[in-house]
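In: Sequence isn't available, so here's the structure alone:
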DNA sequence: CTAATACTTGCATGATTGCGCATATGTATT
DNA sequence: AATACATATGCGCAATCATGCAAGTATTAG
């Protein structure tokens, strides 16, 4: 913890590193949220076809959604024969969420401290 | 419609409670992410005009974005005269992020335990 | 009172996105 | 070899969204 004055720029960098638009954009669709929930609740990796059964849309769309989640680092894909197994990247996903929470609180705390070290007004 | 897998619904409920589409949809726009970052880095609540200066878009658009964030519970608005001060709901925001991380890991762990009583991770 | 400031919102438009279908690629089966 | 299966992707369409402008609301100043 730095006791000297922290400029907002440092906070912006810290938060910006945790708030990549690609990450949140991958989670802004209800179908993708449902997919993430199901992958998290599933004991085993799911194929595209299996994942499609719980979303109510065509499997081609599910394939796209899973691709978006994969490129965002939310899920991992592994081929098994002609199937593709998708599983949640739980560790990195949870770490990203907690890292953002930490960054937000850290910046918030430093901002408050800088605003009133010894209140003048 | 939603064919149920042999999974505990508790996990889906738990995750579903933490992954409200409204929450992530509020964060899927780069401008809103920048606003959140700026609000977090700011020591003080920001007016719409102040927030507009760091986003490169018209203040009417910023007003809309802040409204979306407010309705999603990410920021709080308070009137001061003819200005509206926006500040980040840091506590609930961070709690949501950590709550989701906990729910994901909890479901993941229970799924793993159900799948293989002899954990082989 | 009128005028100015700060913000919100209705509207039109351009851009993005999700969707299903058809097709392509790769794999397994016969 | 051919055929069936699982997934990915190009295409077109419809719906959603972000943006700027203009008009409206609310508060303050004169």
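Out: Nice, thanks for sending it over. Because the structure is predicted, anything quoted here is derived from the model rather than measured.

In: contacting residues for the closest residue to chain B within chain A?
Out: As assessed by Cβ to the nearest Cβ, chain B sits closest to residue A:28 within chain A, at 3.0 Å. Backbone N, C-alpha and C define where each C-beta goes, glycine included. Under the criterion of Cβ atoms under 8 Å, 6 or more residues apart in numbering or on different chains, the contact partners of residue A:28 comprise B:21, B:24-25, B:27-28.

In: try residue A:92
Out: Taking Cβ under 8 Å, 6+ apart as the contact definition, residue A:92 lies against residue A:73.

In: what's near enough to touch residue A:38?
Out: For residue A:38, the residues meeting the contact criterion (Cβ under 8 Å, 6+ apart) are A:46, A:51, A:54, B:5, B:12.

In: farthest-separated two in the contacts of residue A:28?
Out: Longest distance between any two of the contacts of residue A:28 is 11.0 Å, between B:21 and B:27; criterion Cβ to Cβ.

In: of these two, who's got more company?
Out: The residue with the greater number of neighbours, taking residue B:21 and residue B:27 and applying other Cβ atoms under 10 Å in any protein chain shown, is residue B:27; the counts read 23 against 18.

In: how close does residue A:82 get to residue A:89?
Out: Plainly put, residue A:82 is 23 Å away from residue A:89 if you go by Cβ to Cβ, to the nearest Å.

In: which one of these two has more residues nearby?
Out: Between residue A:82 and residue A:89, counted using other Cβ under 10 Å, the more crowded position is residue A:89 (17 against 6).
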